[in-house]
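Student: show me how the following folds:
(one chain, ligands or ions: 2)
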Amino acid sequence: MKGARKLYVKSFGCQMNVYDSQRMADTLAPEGYVETATAEDADLIVLNTCHIREKAAEKVYSELGRLRRLKEAAAADGRSLLVAVAGCVAQAEGDEIVRRAPAVDLVVGSQNYHRLPDLVAHAARGGRVVDTDFALDDKFDHLAAPSRAATRARGVTAFVTVQEGCDKFCAFCVVPYTRGAESSRPAEKIVTEVERLADAGVREVTLIGQNVNAYHGVGANGRPWRLARLLERLAGMPGIERLRYTTSHPLDMDDDLVAAHRDLPALMPQLHLPVQSGSDRVLAAMNRRHSRADYLDVVARLREARPDLALTSDFIVGFPGETENDFAATLTLVEEVGYAGAFSFKYSPRPGTPGADMSRQLQEAEKSDRLRRLQRVIDQEQAKFSRACVGRTLSVLFERPGRHRGQIVGRSPYLQPVQIQAPPSLIGEIADVTITEVASNSLFGALASSLSSPCKGEVGERGEPGGGLTPPRTAVGGLTLPLPGREKIAGAGA
Ligand code: 5AD
Ligand code: SF4
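Tutor: Residues are numbered from 1 along each chain as shown. Ligands and ions are numbered 1, 2, ... in the order given. Here you go, the predicted structure:
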């Protein structure tokens, strides 16, 4: 290992970027880069960007303005600071970033992270580099695996990218252009990666991909495995107690995957299944390739397999040509499905996508008004679901200390944050918590074992269908998900 230098990676956007950021840090670790939590003392800053909506790219440019001043301050101190831009903005804008932001030393597209050590070395010698080719070789074959210590430091939950890119070409979406065609990692490579995570103490794994349920990686027998087969393989792995996957497209929800929600106790009863709109006219214009009825049919099949499934979604308001009637159909769909929560966005025309060239673009004020109205309905559904949790006992995987003294925070099977007063020794453990209160989308409660309440007898066993949710075991209409900002990206794609 060479002399230690400090690396600060800032992720924008979805979980796929969080995962990529970690792998970039792992790949730079043998070069002597140690992660730091603050930009101020870094020798190399990587912004891992997101291009899904306009604001995201603008945020990157304003961040680069701040970094320019930081770079000047470092130079005044006799230090050199390198600034790299990675991710989808890098992929889409390439040279434009270097032209627009003089602080940037290097631009690396989302398929080329394994080349970072060489690119950084080149930039350190004073050359500005832009590398946004779609690499022919698989970046995952070259990206370094995290050390056991790095995995431990990242906690008891982990993301694993299983596929990238998308072939669906929804008319609003840049993903097929920035991340390219759908490609799936071989199952055995994913299994090995999850084994390593389990060995380092990870208990919950979320499989991620822009269109994760289109997964079709080559399996151990040389034939393609679909996502259900992969989940089944991972569900039996010692140490891995919980599995999730995101983000899914309704059309790729095949029968085996629906059945996995019934048959695999490790698969948590929570699913992010974006629908984008409740209007058939708009769905067709968006090239979603499914109708409202198709979507509701998938939901019904899923709820039959897993009655307590908490569903969340993404919505876009103000797609070109969306009428008040179309929008009303979106509002009724939210109530009909009974979402646990949802992310909602104003349509933002992305250059190069078909939607950007469509006539009948909506005024900003109209989009803002619809967004407000949609969020009101989503909030109502979410609140309903939160309230339905009070008095229930949920199994919680504790992840970290809370903000207040003596508090620890974990997640319910439905991905809700749950806060209790308990010793930090419980972090990494799964325990039953009786929910006593809900505030700001967080649940509060106490360890079921420390309560003398008769609830104890009702506590669901970990691993039983229902994931530890006590009766009633009927469809609850979704549970609250942590949605700190309703416009925050849940997971780019699908
Ligand atoms: N405008 C607004 N929202 C968008 N999304 C993707 N592209 C756009 C766009 N051009 C949203 C979709 C997707 C989520 C990740 O971001 O709802 O599911
Ligand atoms: Fe693919 Fe999802 Fe984008 Fe549609 S919205 S093109 S399914 S990533």
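
Student: so which residues on the protein come close to ligand 1?
Tutor: 52-53, 172-173, 274, 276, 314, 316, 345, 347-348, 350, 489, 492-493 (C-beta under 6 Å from any ligand atom). C-betas here are computed from N, CA, C, even on glycine.

Student: would you agree Arg392 is in contact with Thr436?
Tutor: No. Using C-beta atoms under 8 Å, Arg392 makes no contact with Thr436, being 10.2 Å away.

Student: these two: which has the busier surroundings?
Tutor: Neighbour tally, Arg392 and Thr436, criterion other C-beta atoms under 10 Å: the higher count belongs to Arg392, 23 against 15.

Student: any idea how far the more buried one lies from ligand 2?
Tutor: According to C-beta to the nearest ligand atom, to the nearest Å, Arg392 and ligand 2 sit 33 Å apart.

Student: give me phi/psi at that residue?
Tutor: Per-residue torsions, Arg392: phi -90, psi 160 (degrees, to the nearest 10).

Student: and the gap between it and Leu231?
Tutor: To Leu231, Arg392 is 26 Å away according to C-beta to C-beta, to the nearest Å.

Student: tell me the contacts of Tyr245?
Tutor: Counting by C-beta atoms under 8 Å, 6 or more residues apart in numbering, Tyr245 makes contact with Val162, Thr206, Leu207, Ile208, Gly209, Val212, Asn213, Leu227, Leu231.

Student: and for the first one, the neighbour number?
Tutor: Under the neighbour criterion other C-beta under 10 Å, Val162 is assigned a count of 26.

Student: and the spatially closest residue to it that is not a sequence neighbour, how many neighbours?
Tutor: The shortest distance from Val162 to any residue other than its chain neighbours is 4.7 Å, reached at Leu207 (C-beta to C-beta, 6 or more residues apart in numbering). Using other C-beta under 10 Å, Leu207 is surrounded by 22 other residues.

Student: which one (most neighbours) among the residues of the chain next to ligand 1?
Tutor: Gly493 (30 neighbours).

Student: which SSE is that one in?
Tutor: Per DSSP states H and E, Gly493 falls between elements, in no helix or strand.

Student: ok, it - contacts?
Tutor: By C-beta under 8 Å, 6+ apart, the neighbours of Gly493 are Cys14, Met16, Cys166, Cys173, Val175, Gly209, Gln210, Asn211, Val212, Thr247.

Student: how does it look with 7 Å?
Tutor: Cys166, Val175, Gln210, Asn211, Thr247 (C-beta atoms under 7 Å, 6 or more residues apart in numbering).

Student: show me which residues of stretch 275-282 are buried.
Tutor: Val275, Gln276, Ser277, Gly278, Ser279, Asp280, Val282 (16 or more other C-beta atoms under 10 Å).

Student: stretch 389-409 too?
Tutor: Buried residues in stretch 389-409 (16+ other C-beta under 10 Å): Cys389, Arg392, Thr393, Leu394, Ser395, Val396, Leu397, Phe398, Glu399, Gly402, Ile408, Val409.

Student: switch the residues you listed over to JSON lines; also include pLDDT, secondary structure and distance to Leu302.
Tutor: Formatted as JSON lines, these follow (pLDDT from 0 to 100; DSSP: H, G, I helix; E, B strand; the rest coil; distance: C-beta to C-beta, whole Å):
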{"residue": "Cys389", "pLDDT": "94", "secondary structure": "helix", "distance to Leu302": "20"}
{"residue": "Arg392", "pLDDT": "96", "secondary structure": "coil", "distance to Leu302": "21"}
{"residue": "Thr393", "pLDDT": "97", "secondary structure": "strand", "distance to Leu302": "24"}
{"residue": "Leu394", "pLDDT": "97", "secondary structure": "strand", "distance to Leu302": "20"}
{"residue": "Ser395", "pLDDT": "97", "secondary structure": "strand", "distance to Leu302": "21"}
{"residue": "Val396", "pLDDT": "97", "secondary structure": "strand", "distance to Leu302": "23"}
{"residue": "Leu397", "pLDDT": "97", "secondary structure": "strand", "distance to Leu302": "23"}
{"residue": "Phe398", "pLDDT": "97", "secondary structure": "strand", "distance to Leu302": "28"}
{"residue": "Glu399", "pLDDT": "96", "secondary structure": "strand", "distance to Leu302": "26"}
{"residue": "Gly402", "pLDDT": "92", "secondary structure": "coil", "distance to Leu302": "33"}
{"residue": "Ile408", "pLDDT": "97", "secondary structure": "strand", "distance to Leu302": "32"}
{"residue": "Val409", "pLDDT": "97", "secondary structure": "strand", "distance to Leu302": "28"}
